[in-house]
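>>> here is a sequence together with a model predicted from it:
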Amino acid sequence: MPRRIVRGQSLAPELIRRAHELRKQQTPEEKILWQELRGNRLGIHFRRQQPIGGYIADFYCHSAALVVEVDGSPHQRQAGYDRLRDQTFATLGIRTLRFTNMEIRKNLDLVLTTIGSAVRIT
């Protein structure tokens, strides 16, 4: 059941350290989105840079079993890796939404509407 994914998972110290680093080194687009997701602003709690299943999700909503990923230019070169991450999350019962940096910069309202709809269909 997805609700037990985060609690009780054993994490390598390196993964925990990397998640902390990523929280301090957010991209501008991740910062923009985090300002909208933090503090239950969509009516639901999100975490940022959350380790799950050996990966680090950009944003994770535990109660909706939803990962939100912000894809910048490096993701164009790692499509296979991203597919594997998404499949791993799916086997854990977690849906993944992906948005490009451009979508966040140019159409934040639509991004937030999409995320809001996704968390309400759980």
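Yep, that arrived.

>>> switch to C-alpha atoms for all contacts and neighbour counts from now on
Fine.

>>> report all helices and strands that the lowest-mean-pLDDT helix or strand in the chain contacts.
Least confident element among the helices and strands of the chain, by mean pLDDT, DSSP states H and E: helix 13-24 (a mean of 82). Contacts defined by 3 or more C-alpha pairs under 8 Å, 6 or more residues apart in numbering; DSSP states H and E place helix 13-24 against strand 47-52, strand 55-61.

>>> mind listing the helices for this structure?
Using DSSP state H, the helices of the chain run over residues 13-24, 28-37, 79-91, 101-106, 108-120.

>>> ok, what's across the strand from the residue sitting nearest the centre point of the chain?
Closest to where the C-alpha atoms of the chain average out (C-alpha atoms, centre = their mean) is F59, at 2.7 Å. Counting by DSSP bridges, F59 forms beta bridges with R48, V68.

>>> which one of the helices of the chain has the lowest average pLDDT?
Mean pLDDT is lowest for helix 13-24 among the helices of the chain, at a mean of 82.

>>> what does that one contact?
With contacts defined as C-alpha atoms under 8 Å, 6 or more residues apart in numbering, helix 13-24 is touched by R48, Q49, Q50, P51, G54, Y55, I56.

>>> list the buried ones in that helix?
Residues of helix 13-24 classed as buried: L15, A19, L22 (neighbour count, 16 or more other C-alpha atoms under 10 Å).

>>> off-centre distance for it?
On the basis of C-alpha atoms, centre = their mean, to the nearest Å, helix 13-24 is displaced by 14 Å from the centre of the chain it belongs to.
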